[in-house]
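Student: sequence and computational prediction follow.
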Amino acid sequence: MSERKAWTDKRAEIMSRPGAGAAYEAVRIRFELGEAVRLRREELGLTQSELAERAGLQQPGVARFEAGGTMPTIPMLERLAEALGLRLSVQFQPLREAS
């Protein structure tokens, strides 16, 4: 029978693999973007269907995006921002400040 590993040990093992850091960062970005859109949509009292209609998207696409399941294009982010009454702002930050 194999020994169980603590989550921190398992995570460290996974993150030490080549490309794991970049993959983790891509997922983090997708999750944060989706969460920001969901929070703003809820703040405005919109359903996913209403946001989709305003942005020219399909409701399942909004649902996938909010769940962090897709990496959006800049034009898609611009459409979502406009539909949410926001202006898209893209920034570069030094790595030590980005996390």
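Tutor: That came in fine, so what should we check first?

Student: pLDDT weak spots in this protein?
Tutor: 1-2, 97-99 (pLDDT under 70).

Student: so which residues of it form strands?
Tutor: All residues of the chain lie outside strands when identified by DSSP state E.

Student: other residues contacting the lengthiest helix in it?
Tutor: Scanning the chain for the longest helix, with DSSP state H as the assignment, gives helix 20-44. Outside helix 20-44, the residues within contact range by C-beta atoms under 8 Å, 6 or more residues apart in numbering are 14-15, 47-48, 51, 62, 65-72, 77, 80, 84-86. Any C-beta I mention is one placed from the backbone N, CA and C, and that applies to glycine too.

Student: now with 10 Å, please.
Tutor: Judged by C-beta atoms under 10 Å, 6 or more residues apart in numbering, the contacts made with helix 20-44 from elsewhere in the structure are 11, 13-15, 17, 46-48, 50-51, 54-55, 62-72, 76-77, 80-81, 83-86, 98-99.

Student: could you list the buried residues of stretch 48-67?
Tutor: Judged by neighbour count using 16 or more other C-beta atoms under 10 Å, the buried positions of stretch 48-67 are Gln48, Leu51, Ala52, Arg54, Ala55, Leu57, Gly61, Val62, Phe65, Glu66.

Student: endpoints of that stretch, how far apart?
Tutor: The stretch stretch 48-67 measures 12 Å between its terminal residues, going by C-alpha to C-alpha, to the nearest Å.

Student: measure the residue lying closest to Met71 once chain neighbours are set aside to Leu39 for me?
Tutor: Setting aside the residues directly before and after it, Met71 is nearest to Arg30 in space (C-beta to C-beta, 6 or more residues apart in numbering), at 5.5 Å. Taken as C-beta to C-beta, to the nearest Å, the spacing of Arg30 relative to Leu39 amounts to 15 Å.

Student: so these two - more neighbours on which side?
Tutor: In this view Arg30 and Leu39 are compared by other C-beta atoms under 10 Å, and Arg30 has more residues nearby, 18 against 12.

Student: so how far is Thr47 from the more buried one?
Tutor: Distance from Arg30 to Thr47, counting by C-beta to C-beta: 22 Å.

Student: Leu88 touches Glu82, doesn't it?
Tutor: Yes. Leu88 lies in contact with Glu82 (C-beta atoms under 10 Å); the separation is 8.3 Å.
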